[in-house]
Structure formats: structure tokens, C-alpha cells
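Asker: no sequence for this one, just the structure:
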């Protein structure tokens with residue numbers, strides 16, 4: 001069963017280009033159908049907002065364009081393009097945009113029966129803004145990875161590839177979406193190479209051979225979504 005939805009397969013795309021900011025409206029588009037990882041794109045008209053949200057697992061928010069203001073536990077923060085924040089489980093998050101904006105929201109939990117407040121997203125700050133690209137550093141001649149989450153239904157990993165480095169052809173047990181944060185990558189899916197630039201994303205379908213090569217030094221974050229029995 002496909003887990004990711006409403007996304008082009010095999011072609012790099014700007015995530016922000018998949019959803020349109022409309023004046024006076026909040027628009028959402030679901031990108032996954034897994035109960036363990038519910039990825040959603042959101043677009044806010046200038047001055048629009050949503051009410052408080054509370055999820056029973058960690059939630060990662062990634063601003064794609066525009067700006068958002070978020071209040072968490074009495075502290076306010078402002079987020080611009082390509083910044084992210086992690087909301088711990090069970091915390092309410094009111095977030096009016098400070099200008100027209102789009103973002104990606106990834107709430108998930110270990111399993112539907114789990115009610116524990118154990119942190120599921122790790123290795124990044126909680127309840128404060130941070131730049132995804134600054135969480136992992138380049139090393140000469142190496143591919144460096146940082147795991148943010150690894151659960152039965154979802155995995156989130158940051159990568160930093162030195163120029164010319166690569167991950168050889170392999171296949172994943174779930175749909176994967178790779179978003180390039182900086183630099184340029186060549187991602188080959190089922191024998192077809194695609195050039196993916198900063199700000200673009202590409203879906204690698206489950207079970208389909210793919211490989212990743214750094215045309216320049218580049219960083220990306222990878223989300224793999226699957227049903228736990230795969």
C-alpha cells in the first residue's frame with residue numbers, strides 16, 4: 001500500500017509549490033496516509049491562523065516560505081523559511097502566521113495504543129527554532145547522517161554529503177521523500193537520474209532501486225514512511 005500521496009513520483013519539486021497560499025484562507029494537503037506519520041502541507045493567508053494543536057507524539061514543523069509566530073509554554077518564537085521546530089508530545093501549539101506562509105507538519109507516535117510522553121524525535125532542540133541544515137556538518141570524503149527519529153512507521157534522518165560522495169543503489173521498505181536543504185544532488189530512481197537542488201524534494205517509492213550522489217556538497221533530510229508490518 002502506498003503511504004505517501006498527492007506527491008509527484010520520480011520528479012524533483014519545490015514542496016512550497018505543491019500548495020497555494022490563498023488570501024483569507026488556511027489550506028492543507030495530506031501527504032501520507034499512515035497512522036504513524038501524518039505529513040501535511042499547510043498554507044496560511046496573511047494574518048490567518050489555526051487553533052491550538054496537541055499531538056500525542058513528537059511533531060516536527062518545517063517552514064517552507066513566509067513566516068510563522070509560535071507560542072509554546074508561554075514562550076514566543078518567529079520562524080522564517082527553512083527553519084524548523086520540534087513540539088514535544090502533549091503540548092498545545094497556537095501558531096498565527098506573521099505573514100503569508102507555508103509549512104510542512106509531521107506528527108507521529110510509536111503506535112496507536114501508546115500514550116507515553118516519551119520523546120520520539122531526538123538530537124535536535126525542543127520547543128525552539130533551529131535551522132535543519134546546521135544540525136549536521138560536512139566531513140571531507142564522507143557521508144554524515146544524524147537520526148532524528150526511528151520508529152516502526154517512520155524514520156527521519158539528516159544527511160551531509162561531501163562533494164562526489166554517494167550512497168549506492170538500494171531499495172527501502174517504505175516510501176521516502178528526500179528534501180535537499182543546500183547544494184545539489186543527483187538522485188537516480190529505477191535507473192533514471194534526477195538533479196535535485198536546494199529547496200526541492202523528490203519521492204523514492206517503496207521497493208524501487210535508488211541511489212544518491214553529491215554533485216556538490218549537499219545536505220538533505222529524508223523521511224521514510226511505511227506501515228509497521230512492511
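Answerer: Cool, got the structure. These numbers were taken from a predicted model, which means no experiment stands behind them.

Asker: burial count for the nearest residue to residue 218 once chain neighbours are set aside?
Answerer: Counting by CB to CB, 6 or more residues apart in numbering, residue 218 lies nearest to residue 183, which is 2.7 Å off, once chain neighbours are set aside. Every C-beta, even on glycine, is put in place using the N, C-alpha and C of the backbone. Per other CB atoms under 10 Å, the neighbour tally for residue 183 reads 20.

Asker: surely residue 183 meets residue 198?
Answerer: Yes: here residue 183 reaches residue 198: they are 6.3 Å apart, a contact under CB atoms under 8 Å.

Asker: give me the common contacts of those two.
Answerer: Both residue 183 and residue 198 are contacted by residue 218, under the criterion CB atoms under 8 Å, 6 or more residues apart in numbering.

Asker: where does residue 155 fall, phi/psi-wise?
Answerer: phi -130, psi 140 (degrees, to the nearest 10).

Asker: hmm, it is touching residue 224, no?
Answerer: Yes: between residue 155 and residue 224 there is a contact at 4.5 Å, judged by CB under 8 Å.

Asker: more neighbours, those two?
Answerer: residue 224 (23 against 20).

Asker: in its sheet, what does whichever strand in the chain runs longest sit against?
Answerer: Across the chain, the longest stretch assigned as strand under DSSP state E is strand 59-72. Using DSSP bridges, strand 59-72 pairs in its sheet with strand 75-79 (antiparallel), strand 83-87 (antiparallel), strand 97-107 (antiparallel).

Asker: per the record, what domains does the chain have?
Answerer: 13-132, 133-225 (automatic domain parsing).

Asker: closest to residue 7 out of those?
Answerer: Across those, residue 7 has its closest neighbour in domain 133-225 (5.0 Å, CB to CB).

Asker: which parts of the chain are helices?
Answerer: Using DSSP state H, no helices are found in the chain.

Asker: any weak-confidence spans in it?
Answerer: Applying pLDDT under 70 to the chain flags the ranges 1-2, 33-37, 50-56, 71-75, 90-99, 108-118, 228-230.

Asker: pipe the domains of the chain into JSON lines and attach distance to residue 4 per row.
Answerer: Output for the domains of the chain, formatted as JSON lines (distance: least, CB to CB, whole Å):
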{"stretch": "domain 13-132", "distance to residue 4": "5"}
{"stretch": "domain 133-225", "distance to residue 4": "4"}
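
Asker: ok so, going back, tell me which of the strands paired with strand 59-72 sits nearest to residue 17.
Answerer: Using CB to CB, those put strand 97-107 closest to residue 17, at 9.3 Å.

Asker: contacts for that closest one, please.
Answerer: Here strand 97-107 has contacts from 15-16, 19, 21, 31, 37-49, 55, 57-69, 78, 154, 156, 223, using CB under 8 Å, 6+ apart.

Asker: narrow those to those that are buried.
Answerer: Neighbour counting with 16 or more other CB atoms under 10 Å marks 15-16, 19, 21, 31, 37-39, 41-45, 48, 55, 57-69, 154, 156, 223 as buried within the contacts of strand 97-107.
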